[in-house]
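Colleague: kindly generate the corresponding structure for this input.
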Amino acid sequence: PGPVIIPAALAAAQENSSTSRIFLNSIIYGYEVMIRLGESIGKEHYKFFHNTATCGSFGSGIAVGKILNLNNDQLINVLGNCGSVMGGLWQMRNEDVMTKQFHNANAARTGFTSAILAKNGLTGPKFILEGPHGVYAAIAKDGDPNKIISDRYPKWKIFDTSFKPWAACRHAHPVIDATLKIEKKISSADIKNIKIKTYKDAIKFCDRVSPKNVTDAKFSLQHVFATSLIDGPPSISSFDEINYNRDDIDSLRKKIILEMSEEIEKSYPDHYGAEIEIDLNNGDNIKVFQKDALGDPGNPITEQDIIKKFFNLMKNADVNLSKIDDIVNCVLDLSNGGELNKLERLLVEK
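Modeller: Predicted coordinates for the structure are as follows:
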């Protein structure tokens, strides 16, 4: 939810001179709404729609609405109008385009705009989710609206979110993690064949033997296995053209067979898992299993791991180290009442 909710909340907080406490609380509310809707909307929806795009505006809208101190009727109008214009088709995954990133931006903008307009009197449909021409009837036929209002969750949903340690599609992460668990040092020449077992969506979205561009490489189970086995933990550059076109990586990718595992499929999406089985030319067999992707609630990463990833991303964007350090310290201080204005200045200064 972060790439959708946090930019919208930060913009609204900046415009309204909000405190860090109001800003942080708005993010928690936004996460709660977006995640509950995402959990309720069903697998059929995900076949064609990018959930971050469709559910994201609900989260950003509520976050901004909280910063604007909207009442319940106004927040209902926000959600109604977000739902009325929701969209985000997966077709962009079949082409070399930047639309996936645009989905995030559009969901943030839609929520932000809907909240501003609701404050100024724009109304929206109250029954946009469960109405006869609403979201569930139109594009989430196997959805379960009761999951939105269930009170069986003991804590805020933000605590159940995942952090992505690797610069690849989340569906590819279990394969990366399983590959990195292989203790025996083996080369491509030692390998006869490789079988990767995982859940259906991972294969549907990430079956690319020969990536043609950076996005293909990030959405390739074959590539993430090969680059992780040969080079170790993947970096941003692992998905660059110079690496996905390497002969040694290409040769290894072509030895891989993908297979849907009934056991792993049953546990998905509660667990993003993968199993790797490697047959060696000398007759040996290696098996590794990853129940939860690194960064999921069942396999969490530390605060220092998250900070390290932030440093790597900012360095890749040519931000100097002292400024990165200042941003990190400023963000960590927000929960103690730190200045939100200081963060804004750091983010916009060249």
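Colleague: strands of the stretch 201-350 of the chain, start to end?
Modeller: In order along the chain, the stretch 201-350 of the chain carries the following strands (DSSP state E, counting those that start in this stretch): 256-260, 274-280, 285-290.
Colleague: mind listing what's buried along the shortest one?
Modeller: Neighbour-count burial for strand 256-260, counted by 16 or more other C-beta atoms under 10 Å, picks out 256, 258. (C-beta placed from N, C-alpha, C; glycine too.)
Colleague: now what about that strand, what contacts it?
Modeller: The set of residues that contact strand 256-260 without belonging to it, under C-beta atoms under 8 Å, 6 or more residues apart in numbering, is 193-200, 203, 207, 209, 221-222, 225-226.
Colleague: ok, it: who's next to it in the sheet?
Modeller: Strand pairing for strand 256-260, determined by DSSP bridges: strand 191-198 (parallel).
Colleague: quick one: average pLDDT of the strand it pairs with?
Modeller: Strand 191-198 shows a mean pLDDT of 97.
Colleague: what does stretch 28-45 give?
Modeller: Predicted confidence along stretch 28-45 averages 96 (mean pLDDT).
Colleague: export it to PDB, keeping only CA atoms.
Modeller: Included here for stretch 28-45 are C-alpha records, laid out as PDB according to Å, rounded to 0.1, in the frame of the first residue of the first chain:
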ATOM      1  CA  ILE A  28      -2.600   3.500   9.300                       C
ATOM      2  CA  TYR A  29      -6.200   4.200   8.400                       C
ATOM      3  CA  GLY A  30      -5.400   4.100   4.700                       C
ATOM      4  CA  TYR A  31      -3.600   0.800   5.000                       C
ATOM      5  CA  GLU A  32      -6.500  -0.700   6.900                       C
ATOM      6  CA  VAL A  33      -9.000   0.200   4.200                       C
ATOM      7  CA  MET A  34      -6.900  -0.800   1.300                       C
ATOM      8  CA  ILE A  35      -5.900  -4.100   2.800                       C
ATOM      9  CA  ARG A  36      -9.300  -5.100   3.900                       C
ATOM     10  CA  LEU A  37     -10.800  -4.300   0.500                       C
ATOM     11  CA  GLY A  38      -7.900  -6.200  -1.200                       C
ATOM     12  CA  GLU A  39      -8.500  -9.300   1.000                       C
ATOM     13  CA  SER A  40     -12.200  -9.200   0.200                       C
ATOM     14  CA  ILE A  41     -12.200  -8.700  -3.500                       C
ATOM     15  CA  GLY A  42     -11.400 -12.300  -4.500                       C
ATOM     16  CA  LYS A  43      -9.100 -14.200  -6.900                       C
ATOM     17  CA  GLU A  44     -11.200 -13.700 -10.000                       C
ATOM     18  CA  HIS A  45     -10.600 -10.000  -9.800                       C
END
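Colleague: buried ones in that stretch?
Modeller: If you call a residue buried by 16+ other C-beta under 10 Å, then stretch 28-45 has these buried ones: 29-42, 45.
Colleague: in this protein, what secondary structure element scores lowest on mean pLDDT?
Modeller: Taking mean pLDDT, DSSP states H and E as the measure, the chain has helix 146-149 as its least confident helix or strand, at a mean of 90.
Colleague: can you give the contact residues for it?
Modeller: Identification of contacts with helix 146-149 by C-beta under 8 Å, 6+ apart yields 36-37, 39-40, 129.
Colleague: who does the helix or strand that comes right after that helix touch, helix- and strand-wise?
Modeller: Using DSSP states H and E, the helix or strand that follows helix 146-149 towards the C-terminus is helix 173-180. Contacts of helix 173-180 with other secondary structure elements, assessed using 3 or more C-beta pairs under 8 Å, 6 or more residues apart in numbering; DSSP states H and E, are made with strand 191-198, helix 221-231, strand 274-280, strand 285-290.
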